[in-house]
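A.B. asks: have a look at this prediction, sequence included:
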Amino acid sequence: MIESSVAREFNGWNGDTIVRWDNGQIWEQIQYKYAYTYKYRPKVIVYRSGNALHMQIEGMDPMVVQRLK
């Protein structure tokens, strides 16, 4: 499990969302889902479930992601 915060604002999932973290990591949404919300610097956790990595952003349902950096 990896924990951090989103570097700036988070506007939800739009199908190909890129999420930049405070610690410099960059993650990409790879499961299609659209869900709008606005949050400023929310807490974020990535955890493994089976063969997939799931990102849980404070107040949102988990999303399947992959790390870009």
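C.D. replies: In hand now; what should we look at?
A.B. asks: ok, now how distant is the residue of the chain positioned farthest from its centre from Ala7?
C.D. replies: Most distant from the centre of the chain: Gly50, at 17.7 Å, with distances by C-alpha atoms, centre = their mean. In this view, Gly50 and Ala7 are 28 Å apart by C-beta to C-beta, to the nearest Å. In this view, the C-beta of every residue, glycine as well, is placed from N, C-alpha and C.
A.B. asks: check Gln66 too.
C.D. replies: Distance from Gln66 to Ala7, by C-beta to C-beta: 18 Å.
A.B. asks: where's the residue positioned nearest the centre of the chain, which helix or strand?
C.D. replies: In the chain, the centroid-proximal residue (C-alpha atoms, centre = their mean) is Met55; its distance is 4.6 Å. Assigned by DSSP states H and E, Met55 belongs to strand 52-57.
A.B. asks: just checking: what are the partner strands of the next helix or strand after that strand?
C.D. replies: Next in sequence after strand 52-57, counting helices and strands by DSSP H and E, comes strand 63-67. Here strand 63-67 has these sheet partners by DSSP bridges: strand 26-29 (antiparallel), strand 52-57 (antiparallel).
A.B. asks: how about the longest one as CSV, C-alpha atoms only?
C.D. replies: To tie it back to what came earlier, the one meant is strand 52-57. Output in CSV follows, covering the C-alpha atoms of strand 52-57 (Å, rounded to 0.1, in the frame of the first residue of the first chain):
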residue,chain,number,x,y,z
ALA,A,52,-4.7,-4.9,-10.4
LEU,A,53,-3.7,-1.7,-8.6
HIS,A,54,-6.6,0.3,-7.2
MET,A,55,-6.5,4.0,-6.2
GLN,A,56,-8.7,5.2,-3.4
ILE,A,57,-9.1,8.9,-3.4
